[in-house]
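1. predicted model follows, preceded by the sequence.
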Amino acid sequence: MNQTAYAMKKYLLLPFLLFPLLSQAQSTKGPYIGVTTQFQNTWIINDEQYEDVNYEHKFTTKWAPFGITAGYKFNENHNLQVELIRSKQGENFDIVDVNGDKTGEKEIDLVYWNVPLLFKYTTTGRMRFNFHFGPQISFLQKGTETNRISRSATYSQKGVEFTGPAPGTYLLASVDEEDRQKDSKVGSFNKYDLGAAVGTGLEFDVNSNTYLSANLRGHYNFVNIRKEENINDKTRDPDWYNLRQNFVIGIQVGVHFLFNTGDGTSPARHE
């Protein structure tokens, strides 16, 4: 047999040699834990104001640097999972006048501990798809809303033109009680938020007890970020607000460890 034929024979046999490895998967039952990190695009959605606004959204990216996952696999398809995620959220805006020219910037900077409770469905195999969804409660750790006005300008609100804030930096809200004591116009944030999380992605078994995940994850929260309602102070902000909510979408990656209780000895195999 010449060398070319021998090499072709080896390549033809390669898929059959790898097939047993590719067909291995986790035991179909048991608790698991993991750690995650997430790079995300964050938004503040103003439900009451879609037109006639004096701001423009800026593409804002933030990081959820650390998350802990704990869950239970009832079988190879069905999982219940809870997470604890430290998530940096908020958004940056350009403040614009009646001509659409930039007059300053708004920065909303928020840090939450997010706790989603997720039902997760996974397909089978060493590499598999997952889909997950469920409610999420969030606890605010840090938060500020700041306007930085660079020049005086004319704005429009509900068809009425007016002269907006003078140049300067305005702290509009803070979680820090000391900031609110220094300035009675500084507002506060709601410390709790409630919403829904949904995501989909891939999982890959490193071995029978360890798997990697890469998910597209999003969540939308229903609670106003600010405690105050009907915010309208033209001396500090050219816009008015009734209800603003968090919206986040990002790429989450993680590593997870399964405590097998399926057969107790070896990975389950799937046809």
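-> Received it, and whenever you're ready, just let me know what you need.
2. phi and psi next, for Ser188.
-> phi -130, psi 170 (degrees, to the nearest 10).
3. touching, it and Asn224? I think so.
-> No. With contacts defined as C-beta atoms under 8 Å, Ser188 does not count as touching Asn224, sitting 11.4 Å away. All C-beta spots, glycine's among them, are computed from the backbone N, C-alpha and C.
4. what's around Ala130, how many residues?
-> Ala isn't right for residue 130; it's Asn. 19 (other C-beta atoms under 10 Å).
5. actually Thr169, not the one I typed
-> Other residues close to Thr169 by other C-beta under 10 Å number 10.
6. so for the top strand by length along the chain, mean pLDDT?
-> Using DSSP state E, we find that the single longest strand of the chain is strand 127-149. The average of the pLDDT scores along strand 127-149 is 98.
7. CA atoms of it as CSV?
-> The C-alpha trace of strand 127-149 is given here as CSV (Å, rounded to 0.1, in the frame of the first residue of the first chain):
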residue,chain,number,x,y,z
MET,A,127,-22.5,20.0,22.1
ARG,A,128,-26.1,21.1,22.5
PHE,A,129,-28.4,24.1,22.4
ASN,A,130,-30.3,25.6,25.3
PHE,A,131,-33.2,27.9,25.8
HIS,A,132,-33.9,29.6,29.1
PHE,A,133,-36.4,32.1,30.6
GLY,A,134,-37.8,33.2,33.9
PRO,A,135,-38.4,36.1,36.3
GLN,A,136,-35.6,38.3,37.7
ILE,A,137,-35.4,40.5,40.8
SER,A,138,-32.6,43.1,41.0
PHE,A,139,-31.1,44.9,44.0
LEU,A,140,-29.5,48.3,43.3
GLN,A,141,-26.0,48.7,44.8
LYS,A,142,-24.8,52.0,43.2
GLY,A,143,-26.5,54.6,41.1
THR,A,144,-26.1,58.2,39.8
GLU,A,145,-27.8,60.3,37.1
THR,A,146,-25.8,63.3,35.9
ASN,A,147,-26.3,66.0,33.3
ARG,A,148,-23.3,67.9,31.9
ILE,A,149,-24.5,71.0,30.0
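8. which secondary structure elements does that strand contact?
-> strand 78-96, strand 102-122, strand 168-174, strand 192-207, strand 210-221 (3 or more C-beta pairs under 8 Å, 6 or more residues apart in numbering; DSSP states H and E).
9. how far out from the middle of the chain is stretch 109-123?
-> 8 Å (C-alpha atoms, centre = their mean, to the nearest Å).
10. same deal with stretch 54-64?
-> On C-alpha atoms, centre = their mean, the centre of stretch 54-64 falls 13 Å from the chain's centre.
11. and stretch 60-68, by the same measure?
-> 7 Å.
12. give me the contact list for it.
-> 33-43, 83-92, 114, 250, 252, 254 (C-beta atoms under 8 Å, 6 or more residues apart in numbering).
13. buried subset of those residues, written for ChimeraX?
-> Selecting the buried subset of the contacts of stretch 60-68 in ChimeraX, with 16 or more other C-beta atoms under 10 Å as the burial test, is done by:
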select :34,36,37,38,40,42,43,83,85,86,87,88,89,90,91,92,114,250,252,254
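14. wait, Tyr72 touches Gly30, no?
-> Yes. Counting by C-beta under 8 Å, Tyr72 does reach Gly30; the two are 7.2 Å apart.
15. shared neighbours, those two?
-> With C-beta under 8 Å, 6+ apart as the test, Tyr72 and Gly30 reach no residue in common.
16. could you list the low-pLDDT ranges of the stretch 1-150 of the chain?
-> By pLDDT under 70, the low-scoring segments of the stretch 1-150 of the chain are 1-27, 48-50.
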